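Peer 1: Pasting the sequence and the predicted coordinates here, then a few questions.
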Amino acid sequence: MFAIIGLVVVFGAVVAGFLMEHGQLLVLMQPAEMVTIGGAAIGTLLIANPLDVIKAMIAGVLGILKGSPFGKPRYLETLKMMYEFLNKVRKEGLIAVEMDVEKPHESEIFKKYPKFLADHHVEHFVCDTLRMAITGGVEPFDMDQMMELDMEVQHHEATVPIAALTTVADALPGLGIVAAVLGVVITMGALGGPPEEIGKKVAAALVGTFLGILMCYGVVGPLGANMTKNAEGHNEYLHVLRVLMLSFFKGNAPMIAIEVARRAIPAHVRPTFDEMEKACKGDSGGGAAAAAEAA
């Protein structure tokens, strides 16, 4: 939502400033310049990247328009899900949750949390780690190393489409100059014509430079920066899950593991202890129940 508002503010401010100086808005409508810059930008994107990267970039841009999914509600829901799952492990043993891990979409626990199942990266991160715990013979330190490696791979994968979009942003001012030079070439061929016609062609050439710079610094560049923050948010979310599972693998009670994970949540979206306890246990549990379990 904020990305959409930002785009409206950028174009609104540019157009408003132009109109305040009594500019003619139709002068900025230069389809030929837009085709030149836009087509060349798409071409550079196709030259530099395989199809899967382009698809990931498009998905990332669309994700920006939806807003970050990793807010306080998502963290509370995750803590509640893991508390329920770890309680089952504590009461019935790891073997009892083997089918939950092997077929998460059929699990009575995980089916309650569609956001978890919809994010296949997170689902695989959690279920693959728990699968290794069920198999046995893996020390918590080695488990932590595997989770860290998985996070590094996922984060690298998330940065590739960001780099592709940033490359397009860096190319746009140059492509704007290309459009402007072509406009100057056309203008030079019309020097013998009426002054009004020459003025229109010069204006069209300058619009090419204007569009390239505006799209770079006002649209594509900020979208890339927002995608970077979303990738960092996803990595922070995985880190919370990593801390939570590692704490439980070390022998801590479910509520202790959940509290350790809560402390790892970024401060601006971190729920309070009371909010976490209410989400995990409901109103009836109270602080005394949590303290008794921790003991």
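Peer 2: Right, received. Where do you want to start? Numbering: from 1, shown residues only.

Peer 1: hey, let's count contacts and neighbours off CA atoms from now on
Peer 2: Noted.

Peer 1: Poorly predicted segments of the stretch 51-200 of the chain, please.
Peer 2: Across the stretch 51-200 of the chain, not a single residue meets the criterion (pLDDT under 70).

Peer 1: Now with 80, please.
Peer 2: Along the stretch 51-200 of the chain, the model assigns pLDDT under 80 to residues 137, 190-193, 195-196.

Peer 1: Which parts of stretch 5-20 count as buried, going by neighbours?
Peer 2: Of the residues in stretch 5-20, none are scored as buried under the neighbour-count criterion (16 or more other C-alpha atoms under 10 Å).

Peer 1: Determine how far that stretch lies from the middle of the whole chain.
Peer 2: Computed by C-alpha atoms, centre = their mean, to the nearest Å, the chain-centroid distance of stretch 5-20 equals 26 Å.

Peer 1: Need the contact partners of it.
Peer 2: Gln24, Leu25, Gly218, Val219 (C-alpha atoms under 8 Å, 6 or more residues apart in numbering).

Peer 1: Among those residues, which one sits closest to Gly136?
Peer 2: Nearest to Gly136 out of the contacts of stretch 5-20 is Val219 (C-alpha to C-alpha; 50.1 Å).

Peer 1: If I follow the layout properly, Leu241 ends up in contact with Cys127?
Peer 2: No - with contact defined as C-alpha atoms under 8 Å, Leu241 does not count as touching Cys127 (11.2 Å).

Peer 1: So for the two, which residue has more residues nearby?
Peer 2: When Leu241 and Cys127 are compared for neighbours, Leu241 comes out ahead with 26 against 17, by other C-alpha atoms under 10 Å.

Peer 1: The more buried one: what's its closest spatial neighbour, skipping adjacent residues?
Peer 2: Ala261 (7.0 Å; C-alpha to C-alpha, 6 or more residues apart in numbering).

Peer 1: Quick one: residues contacting that neighbour.
Peer 2: Ala261 sits in contact with Val240, Leu241, Val243, Leu244, where contact means C-alpha under 8 Å, 6+ apart.

Peer 1: element containing it, please.
Peer 2: Taking DSSP states H and E as the criterion, the element that holds Ala261 is helix 254-264.

Peer 1: So for that helix, mean pLDDT?
Peer 2: Taken as a whole, helix 254-264 carries a mean pLDDT of 95.

Peer 1: Please shift the residue numbers so they start at 862 in all later answers.
Peer 2: With 862 as the first residue, the last one maps to helix 1115-1125.

Peer 1: list the helices and strands the helix or strand just after that helix packs on?
Peer 2: Elements were assigned by DSSP H and E; along the chain past helix 1115-1125, the next helix or strand is helix 1134-1142. Where contact means 3 or more C-alpha pairs under 8 Å, 6 or more residues apart in numbering; DSSP states H and E, helix 1134-1142 is packed against helix 933-953, helix 1115-1125, helix 1147-1155.

Peer 1: ok and helix 1134-1142 relative to helix 933-953, angle-wise?
Peer 2: Here helix 1134-1142 runs at 50 degrees with respect to helix 933-953, directions being taken by axes from the mean of the first three to the mean of the last three C-alpha atoms, to 10 degrees.

Peer 1: Can you give me the distance of Leu940 to Leu947?
Peer 2: From Leu940 across to Leu947, the span is 10 Å (C-alpha to C-alpha, to the nearest Å).

Peer 1: any idea which element the closest residue to Met918 other than its chain neighbours lies in?
Peer 2: Ranked by C-alpha to C-alpha, 6+ apart and with sequence neighbours excluded, the top spatial neighbour of Met918 is Pro1022, at 4.7 Å. Assigned by DSSP H and E, Pro1022 falls within helix 1001-1049.

Peer 1: Not counting the helix or strand following that helix itself, show me its contacts.
Peer 2: Using DSSP H and E, the helix or strand that follows helix 1001-1049 towards the C-terminus is helix 1056-1075. If you take C-alpha under 8 Å, 6+ apart as the criterion, helix 1056-1075 is touched by 888-889, 891, 894-895, 898, 1033-1038, 1040-1045, 1047-1048, 1051-1052.
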